[in-house]
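Trainee: sequence and computational prediction follow.
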Amino acid sequence: MATGDIVLGPNQYGKAECRLVRITRDPDAAGDATRHGIEDLNVTSQLRGDFEACHTEGDNSQVVATDTQKNTVYAFAKEHGVHSPEQFLTTLGEHFVGEFPWVHGGRWEAEQYTWDRIVADGDPHDHAFVRAGRETRTCVVQRDGDELFVVSGLKDCTVLKSTGSEFHGFPRDRYTTLGDTTDRILATSVSAAWRYTPAAVASGLDYNALYADVRDLLLEAFAQLHSLALQQSIFAMGKAVLEQVEEVAEIKLSCPNKHHFLVDLAPFGLDNDHEVFFAADRPYGLIQATVQREGTPAEPRAWASIPGFA
Ligand SMILES: O=c1[nH]c(=O)c2[nH]c(=O)[nH]c2[nH]1
């Protein structure tokens, strides 16, 4: 029989997946506000602090209701605007920690979905949009007392190179059937998450511009590297970001290898010179890596609640 008191361990709570659409009507130079903007997010708010009495005794006197957290998300969208997921989540965190003395920190997460203007009569429409399916922007902001951790990212960014990829030189044992290839399709769905340095976070960042820069650098590196392995591509992608964006302390990537197998058309008397492929959906290789700056201390608290990366 085990002995010792049973005590509450780490805990957090809040409202998950508050779907928030914020329409902005910023007047143009002539004061005309007929042109709308749209910010479309999925926001999760979770608080950390002294919630022991609730768990052990049902005493709710310190429980900021999840419903209140949800309402705050929507009210802040009106009062402060969204601007960027990073800025919006940081403002939420400041509020909860500042307002309730027993709230010591928390975790605020968002996905952001992009909309493009529909082109009508040759012009981008003022208030009609089409969902841009390219990738989903992600963000997790965490506070531990006065310390702030901002991890931004993207997911579901599917990319493919139809050549410029090889894979050979791997060890062979009695279970190895894969042949060497000097020309294959390389395709993946990139998930990436990068942590901004504390100094950069404190200085106030243009998170939207940085997001676009990082995404473009990842894509460019994927395209430009003549790849000998998806591992090499991933490292090159992360390295490009760290070389170009000093505000980023480290970056994690997780990439399924979306295998494309050349179909054997010989039974039909047809050759197949890298033209017809079977796109397999599973199983897939899963390649994950962290790319970091030598000497930069690790910050496990920034990553503790972000699954799916090495
Ligand atoms: O880029 C690759 N990395 C691997 O580790 C691997 N393993 C495999 O079977 N194919 C590939 N491709």
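Mentor: On my side now, so go ahead. Numbers count the residues shown, from 1 in each chain.

Trainee: going forward, measure contacts between C-alpha atoms and count neighbours the same way
Mentor: Fine.

Trainee: which strand runs longest in this structure?
Mentor: Longest strand in the chain, counting residues (DSSP state E): strand 123-144.

Trainee: now it: buried residues?
Mentor: Neighbour counts over strand 123-144 (16 or more other C-alpha atoms under 10 Å) mark 128, 129, 135, 136, 137, 138, 139, 140, 141, 142, 143, 144 as buried.

Trainee: next one: the residue in the chain sticking out farthest from the centre, what pLDDT does it get?
Mentor: Distance from the C-alpha centroid of the chain peaks at residue 269, with 46.6 Å (C-alpha atoms, centre = their mean). pLDDT for residue 269: 98.

Trainee: residues in contact with stretch 264-271?
Mentor: Residues outside stretch 264-271 that contact it (C-alpha atoms under 8 Å, 6 or more residues apart in numbering) are residue 272.

Trainee: mind checking the end-to-end distance for it?
Mentor: 8 Å (C-alpha to C-alpha, to the nearest Å).

Trainee: in the biggest helix by length in the chain, what counts as buried?
Mentor: Scanning the chain for the helix with the most residues, using DSSP state H, yields helix 207-224. For helix 207-224, a neighbour-count test (16+ other C-alpha under 10 Å) marks 207, 211, 214, 215, 217, 218, 221, 222, 223 as buried.

Trainee: ok, the residue in the stretch 1-150 of the chain positioned nearest to the ligand - contacts?
Mentor: At 22.1 Å from the ligand, residue 135 is the closest residue in the stretch 1-150 of the chain, using C-alpha to the nearest ligand atom. For residue 135, the contacting residues are 113, 154, 155, 156, 157, 158, by C-alpha under 8 Å, 6+ apart.

Trainee: and it, what pLDDT?
Mentor: At residue 135, pLDDT is 96.

Trainee: where exactly do the helices run in this protein?
Mentor: 52-57, 66-79, 85-99, 198-203, 207-224, 230-244, 300-303.

Trainee: out of the ones you listed, nearest to residue 181?
Mentor: helix 230-244 (13.3 Å; C-alpha to C-alpha).

Trainee: angle of the closest one against helix 207-224?
Mentor: 140 degrees (axes from the mean of the first three to the mean of the last three C-alpha atoms, to 10 degrees).

Trainee: what is helix 230-244 packed up against?
Mentor: Other elements packing on helix 230-244 under the criterion 3 or more C-alpha pairs under 8 Å, 6 or more residues apart in numbering; DSSP states H and E are helix 207-224, strand 248-257, strand 285-292.

Trainee: let me have the ones you listed in TSV, extended by mean pLDDT and distance to the ligand.
Mentor: Output for the helices and strands packed on helix 230-244, formatted as TSV (pLDDT from 0 to 100; distance: least, C-alpha to the nearest ligand atom, whole Å):
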stretch	mean pLDDT	distance to the ligand
helix 207-224	98	13
strand 248-257	98	7
strand 285-292	98	6
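
Trainee: JSON lines for those, including distance to residue 3?
Mentor: Formatted as JSON lines, the helices and strands packed on helix 230-244 follow (distance: least, C-alpha to C-alpha, whole Å):
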{"stretch": "helix 207-224", "distance to residue 3": "51"}
{"stretch": "strand 248-257", "distance to residue 3": "41"}
{"stretch": "strand 285-292", "distance to residue 3": "41"}
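
Trainee: from residue 33, how far off is the residue farthest from the centre of the chain?
Mentor: According to C-alpha to C-alpha, residue 269 stands 64 Å off from residue 33.

Trainee: ditto for residue 274
Mentor: Distance, residue 274 to residue 33, using C-alpha to C-alpha: 53 Å.

Trainee: hmm, back to that, now the angle from the longest strand of the chain to helix 207-224?
Mentor: Inter-element angle recorded for strand 123-144 and helix 207-224: 100 degrees (by the same axes, to 10 degrees).

Trainee: so strand 123-144 versus helix 85-99, what angle?
Mentor: Using the same axes, to 10 degrees: strand 123-144 against helix 85-99 is 40 degrees.

Trainee: strands paired with strand 123-144, and their directions?
Mentor: Sheet pairing for strand 123-144, assigned by DSSP bridges, gives strand 103-120 (antiparallel), strand 147-161 (antiparallel).
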